[in-house]
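A.B. asks: task: produce atomic coordinates for the following.
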Amino acid sequence: MIARRLPRYVSEFVDRHGKVRVRFRRKGQEPYYFKAKPWTPEFMAEYQACLDKEAAPRIEVGKSRSKPGTVSALIAAYLASPEFTGLAKTSQTTYRGIIERFRVEHGEKRVALIQRQHIKAIIGKKAATPAAANNLLDRIKVLMAFAVDLDMRKDNPAHGLRGFRLAGDGFHTWTEEEIARFEERHALGSKARLAFALLLYTGQRRSDVVNMGRQHVADGRIAVRQQKTDARLQIRIHPELQAAMGAMPSTNLTFLVTELGKPFSPAGFGNWFRERCNEAGLPHCSAHGLRKAASRRLAEAGCTNQQIKAITGHKTDKEVARYTAAADQVRLADQAMDALDGVDREQKLANSAEGLAKTPAKSLKRKDA
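C.D. replies: Have a look, this model is predicted:
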């Protein structure tokens with residue numbers, strides 16, 4: 001069978017991992033890497049989007065003037081690569097913002113001349129915002145690794161560099177007292193209470209909660225397809241969540257909508273929920289903190305890491321550990337000491353029995369006398 005030729009502007013190549021890639025390249029447009037197999041209906045839809053300059057938009061004037069070998073040229077290539085376009089949309093948005101700010105400051109620098117001390121200096125200047133500095137360092141590491149793949153340099157000067165040690169563990173994990181305070185302020189039948197219940201009793205991110213609707217509920221479970229990881233989950237509906245859902249009118253398919261009846265964006269929902277936290281006197285609490293609270297509760301209930309991951313969608317035990325760090329230390333410590341006490345009692349009984357067995361019979365008779 002003779003293979004069909006690829007459409008105009010389309011070519012294929014084998015990347016460094018030995019995987020065949022199919023790419024759209026047309027003068028004046030950004031390159032595009034196809035996700036579907038050639039000549040399938042999905043492929044033809046992608047191809048048409050490239051011809052219409054939607055999937056492969058026109059190259060911006062500033063980008064077209066990027067000098068070869070510069071940070072700006074590296075970033076332009078990375079943003080068009082499968083490594084970036086294959087990320088979740090939420091991750092793309094976050095990373096693009098960090099990368100573009102880096103381009104503004106350092107776009108004209110030669111990639112091949114960047115040294116380890118230069119990167120340390122760049123990160124060091126952002127000491128006032130250590131979390132942002134660490135996020136930038138992570139992106140620089142990715143960019144430099146990509147530069148190695150493109151033969152723009154022979155090594156990754158950012159490899160092994162460590163960022164700032166952060167105080168605390170990020171978003172505040174809600175306590176039981178704070179959970180009760182929010183429930184007292186926002187009663188059943190309010191949109192705030194439904195949002196709260198969806199976050200706490202599914203353990204999902206705000207980007208997933210805003211997409212949840214009645215079409216995802218069946219057989220007492222809610223189906224989740226995580227935006228960030230593409231993980232697919234089936235989570236049994238907790239009675240508290242069922243009560244919150246039942247107390248709201250079913251006028252929309254999506255559970256949470258804006259005042260205009262439109263679904264929330266993740267950022268818009270985060271801002272809206274922040275105001276609801278403020279109303280409850282909880283300005284330090286957030287939507288993401290409820291995901292951590294859900295993980296904490298699961299840990300306190302004695303769930304294994306595998307069980308917790310089945311709810312939260314985390315991939316590794318390390319990720320779970322970050323979220324369950326706020327588990328009730330006192331209660332868990334008491335459980336540990338109870339276990340230790342049990343071992344000590346068993347050991348004492350064993351020692352007592354062993355000592356009794358070794359006591360001479362004459363000695364026992366003497367005591368009886």
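A.B. asks: residue contacts, the closest residue to residue 286 other than its chain neighbours?
C.D. replies: Once flanking residues are discounted, residue 286 sits nearest to residue 171: 5.6 Å by C-beta to C-beta, 6 or more residues apart in numbering. Using the backbone N, CA and C atoms, a C-beta is placed for each residue, glycine as well. Each residue near residue 171 by C-beta atoms under 8 Å, 6 or more residues apart in numbering is listed here: 286, 288, 289, 292.
A.B. asks: residue 238 versus the first one, what's the distance?
C.D. replies: Here the distance between residue 286 and residue 238 works out to 21 Å (C-beta to C-beta, to the nearest Å).
A.B. asks: looking at these two, which is more packed in?
C.D. replies: Shown here are residue 286 and residue 238; by other C-beta atoms under 10 Å, residue 286 has more neighbours (19 against 15).
A.B. asks: how about the nearest residue to the residue nearest the centre of the chain, chain neighbours excluded?
C.D. replies: Nearest residue to the geometric centre of the chain (C-alpha atoms, centre = their mean): residue 228, 6.1 Å. Spatial nearest neighbour of residue 228, excluding adjacent residues (C-beta to C-beta, 6+ apart): residue 88 at 4.8 Å.
A.B. asks: pretty sure the one you found sits against residue 225.
C.D. replies: No: Residue 88 is beyond contact range of residue 225, at 11.1 Å (criterion: C-beta atoms under 8 Å).
A.B. asks: just to revisit the earlier point, how about the secondary structure of the residue nearest to the centre of the chain?
C.D. replies: Here residue 228 is recorded as coil under DSSP: H, G, I helix; E, B strand; the rest coil.
A.B. asks: what sits against it?
C.D. replies: Applying C-beta under 8 Å, 6+ apart to residue 228 gives the contacts 88, 90, 91, 205, 207.
A.B. asks: kindly report the same for residue 250.
C.D. replies: For residue 250, the contacting residues are residue 214, by C-beta under 8 Å, 6+ apart.
A.B. asks: pretty sure it is in a strand, no?
C.D. replies: No: counting by three-state DSSP, residue 250 is not part of a strand but coil.
A.B. asks: next up, phi/psi of it, please.
C.D. replies: The phi/psi pair for residue 250 (degrees, to the nearest 10) reads phi -90, psi 60.
A.B. asks: so what's residue 199 closest to, chain neighbours aside?
C.D. replies: Leaving aside its sequence neighbours, residue 199 sits nearest to residue 290 (C-beta to C-beta, 6+ apart; 4.0 Å).
A.B. asks: just the element for the one you found, please.
C.D. replies: helix 287-300 (DSSP states H and E).
A.B. asks: gap between residue 57 and residue 155?
C.D. replies: To residue 155, residue 57 is 33 Å away according to C-beta to C-beta.
A.B. asks: who has more neighbours, the two?
C.D. replies: More neighbours surround residue 57 than the other of residue 57 and residue 155, with 14 against 11 (other C-beta under 10 Å).
A.B. asks: how many residues are close by residue 249?
C.D. replies: A count of nearby residues for residue 249, using other C-beta under 10 Å, gives 6.
A.B. asks: who touches it in this structure?
C.D. replies: By C-beta under 8 Å, 6+ apart, residue 249 lies in contact with nothing.
A.B. asks: show me where the chain has strands.
C.D. replies: Counting by DSSP state E, the chain has strands at residues 10-14, 20-24, 32-33, 217-218, 221-225, 232-236.
A.B. asks: contacts for the fourth one, please.
C.D. replies: Right, strand 217-218. 223, 237, 245.
A.B. asks: just to check, the second one is in contact with residue 221?
C.D. replies: Yes: when contacts are counted by C-beta under 8 Å, residue 237 is listed as touching residue 221 (6.4 Å).
A.B. asks: domain parsing for the protein?
C.D. replies: Partitioning the chain according to automatic domain parsing yields domains covering residues 1-47, 60-167, 176-323.
A.B. asks: before we move on, the earlier item: out of the strands of the chain, which is the most enclosed?
C.D. replies: Comparing those on average neighbours per residue, with mean count of other C-beta atoms under 10 Å, the densest one is strand 32-33 at a mean of 21.
A.B. asks: partner strands of that strand, with direction?
C.D. replies: According to DSSP bridges, strand 32-33 forms sheet pairs with strand 20-24 (antiparallel).
A.B. asks: got the contact list for the closest residue to residue 298 other than its chain neighbours?
C.D. replies: Sequence neighbours aside, residue 308 is the residue nearest to residue 298 in space, at 4.8 Å (criterion: C-beta to C-beta, 6+ apart). Shown in contact with residue 308 (C-beta under 8 Å, 6+ apart): 295, 298, 299, 314, 320, 323, 324.
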